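>>> Sequence plus the predicted model coming up.
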Amino acid sequence: INTYLAKASAAGTTIFMSAGDNGAFDTTSELNVNFAASSPHTIAVGGTTLVVSKEGQVKNETAWGNEETYNMAQAGHQQTIFATGGGFSDNFSKLKYQHNTTETYNQFSKTTKSPVPHDSLSKLGIPDVSANAAASTGYVTSVHNNVWQLNYGTSLSTPLWAALFARCNQKFGDNLAKYI
């Protein structure tokens, strides 16, 4: 599959992939990332949570998931976690643009109880970009028969980024992904 992703990317196709909705453990007892989001030939899209005031103004945006979801995973409840996927690939080396970010993370992780092994910091980190994906601040969408419902997850943040890139590519007449 990665060969096809590389060919598509070389041909100018921008491919967005969801980083997943089950946290960094992704329903397992080990840290892992989803393929094909972990391919260097895709743009991995994660999820965030919006902190909204009573007036409806966005005050802050944080990663979707928190210490509670991490503790649930540690306690063996991986199947019930809803949080952004992300972490470091076992198979692909990090790209040049990630050097400063992984160094910052490395310094931070030394001061916390981070479960990420330090040798993984030479690997590709995902997600590349993120957007609102939490159920508490999700999207109201019309599904069928004009029934409106609240939806959430990286299955919604991923097409949001794809649409944004498509509009930007159209506006600027170029494939902006080649600059990432």
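Structure's in. What do you need?

>>> what about Ser9, which helix or strand?
helix 2-10 (DSSP states H and E).

>>> Just the buried residues of that helix, please?
By 16 or more other CB atoms under 10 Å, the buried positions in helix 2-10 come out as Leu5, Ser9. All C-beta spots, glycine's among them, are computed from the backbone N, C-alpha and C.

>>> Can you tell me what sits against it?
With CB atoms under 8 Å, 6 or more residues apart in numbering as the test, helix 2-10 has contacts from Ile15, Phe35, Ala36, Ser39, His41, Thr42, Ala177.

>>> which of those residues are buried?
Ile15, Phe35, Ser39, His41, Thr42, Ala177.

>>> closest to Arg167 among those?
Ala177 (13.3 Å; CB to CB).

>>> how close does the closest one get to Pro40?
12 Å (CB to CB, to the nearest Å).

>>> can you check Pro159 too?
21 Å.

>>> Give me the more crowded residue out of the two.
Set side by side, Pro159 and Pro40 show more neighbours around Pro40, with 18 against 15, by other CB atoms under 10 Å.

>>> which element follows the lowest-mean-pLDDT helix or strand in the chain toward the C-terminus?
Lowest mean confidence among the helices and strands of the chain (mean pLDDT, DSSP states H and E): helix 67-74, at a mean of 68. Using DSSP H and E, the next helix or strand after helix 67-74 towards the C-terminus is strand 87-93.

>>> which strands and helices sit next to that next one?
Judged by 3 or more CB pairs under 8 Å, 6 or more residues apart in numbering; DSSP states H and E, the packing partners of strand 87-93 are strand 123-126.

>>> mind exporting the strand it packs on as CSV, just the C-alpha atoms?
The C-alpha coordinates for strand 123-126 follow below in CSV (Å, rounded to 0.1, in the frame of the first residue of the first chain):
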residue,chain,number,x,y,z
LYS,A,123,10.7,8.0,13.9
LEU,A,124,7.9,9.8,12.1
GLY,A,125,5.4,11.4,14.5
ILE,A,126,1.7,11.8,13.8
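
>>> Contacts for that strand, please.
Applying CB under 8 Å, 6+ apart, the contact partners of strand 123-126 are 19, 33, 37-38, 40, 44, 46, 85-95, 98, 101-102, 105.
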